[in-house]
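1. model this:
(2 chains)
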Number of protein chains: 2
Amino acid sequence: MSAPQALAKTPEPPYYAVIFTSLRTDGDAGYSAMSERMVELGSNQEGFLGIESARNPDGTGITVSYWRDEAAIRAWKENADHRKAQHGGQQAWYADYTVRIAKVERAYGAR
Amino acid sequence: MSAPQALAKTPEPPYYAVIFTSLRTDGDAGYSAMSERMVELGSNQEGFLGIESARNPDGTGITVSYWRDEAAIRAWKENADHRKAQHGGQQAWYADYTVRIAKVERAYGAR
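-> Below is the predicted model:
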């Protein structure tokens, strides 16, 4: 998964976060190409606000995507290509994962 | 920051997530020791449910800690040692960061 260029610049809350934590299997098996394509596709969805992603050398990783509302998250979840990736992910790319949908209530930063 | 042994095992929602995304400065400057101590201290706070953390080679990272409720988050934020770390972080460890407080409404996993 390619690293974000910088931290996501999101609007004032409230908005939604999808916290995807995962443990990768060994080897690529098409993962990198799928991951890049999903970031590109997701970024073009209506209501997409930003994405941040990080992975440790041991294979544990976190991707947080930010969305205007629950309808935008639902539409992305039902996107046909994304569904194929979800199916593949359960089969080959992840040894374990958790998805959490959360409403961002407050946010503050360094500046 | 040491990687989690596994993904956090959290209870059924609702509960809270603190999403801390950051860009590290170059060099350690006491960061690793502080980070380990904060994970240890935080884990012993009342209402702590779990923590997940990942960092990319380029210095961008995400730590998500999970909490029973907002009161638990507030108590941790006001912890004296944690306040010192927060102060140090703004000065030396992070080139940029964002903190988001979010209510986890739904969650699902691989199994």
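2. What helix or strand is residue A:86 located in?
-> helix A:80-88 (DSSP states H and E).
3. What of residue A:16?
-> In this assignment (DSSP H and E), residue A:16 forms part of strand A:15-24.
4. Does the next helix-or-strand element following that strand reach chain B?
-> Counting by DSSP H and E, the element after strand A:15-24 in chain order, helix or strand, is helix A:31-43. No: using Cβ under 8 Å from any Cβ of the partner chain, helix A:31-43 never reaches chain B; the gap is at least 13.3 Å. All C-beta atoms are positioned from the backbone trio N, CA, C, and that covers glycine.
5. what packs against helix A:31-43?
-> Using 3 or more Cβ pairs under 8 Å, 6 or more residues apart in numbering or on different chains; DSSP states H and E as the contact test, the elements touching helix A:31-43 are strand A:48-55, helix A:80-88.
6. gap between residue A:33 and residue A:63?
-> 16 Å (Cβ to Cβ, to the nearest Å).
7. neighbour count winner among the two?
-> Set residue A:33 next to residue A:63 and count neighbours by other Cβ atoms under 10 Å in any protein chain shown: residue A:63 wins out with 24 against 9.
8. on that earlier part again, anything in the helix holding residue A:86 near chain B?
-> No: Helix A:80-88 is not in contact with chain B by Cβ under 8 Å from any Cβ; minimum separation 11.2 Å.
9. relative to helix A:31-43, how tilted is that helix?
-> 140 degrees (axes from the mean of the first three to the mean of the last three Cα atoms, to 10 degrees).
10. Would you mind listing the buried residues in helix A:80-88?
-> For helix A:80-88, a neighbour-count test (16 or more other Cβ atoms under 10 Å in any protein chain shown) marks A:82, A:85 as buried.
11. Now do that helix: everything it contacts.
-> With Cβ atoms under 8 Å, 6 or more residues apart in numbering or on different chains as the test, helix A:80-88 has contacts from A:30, A:34, A:37-38, A:41-42, A:76-77.
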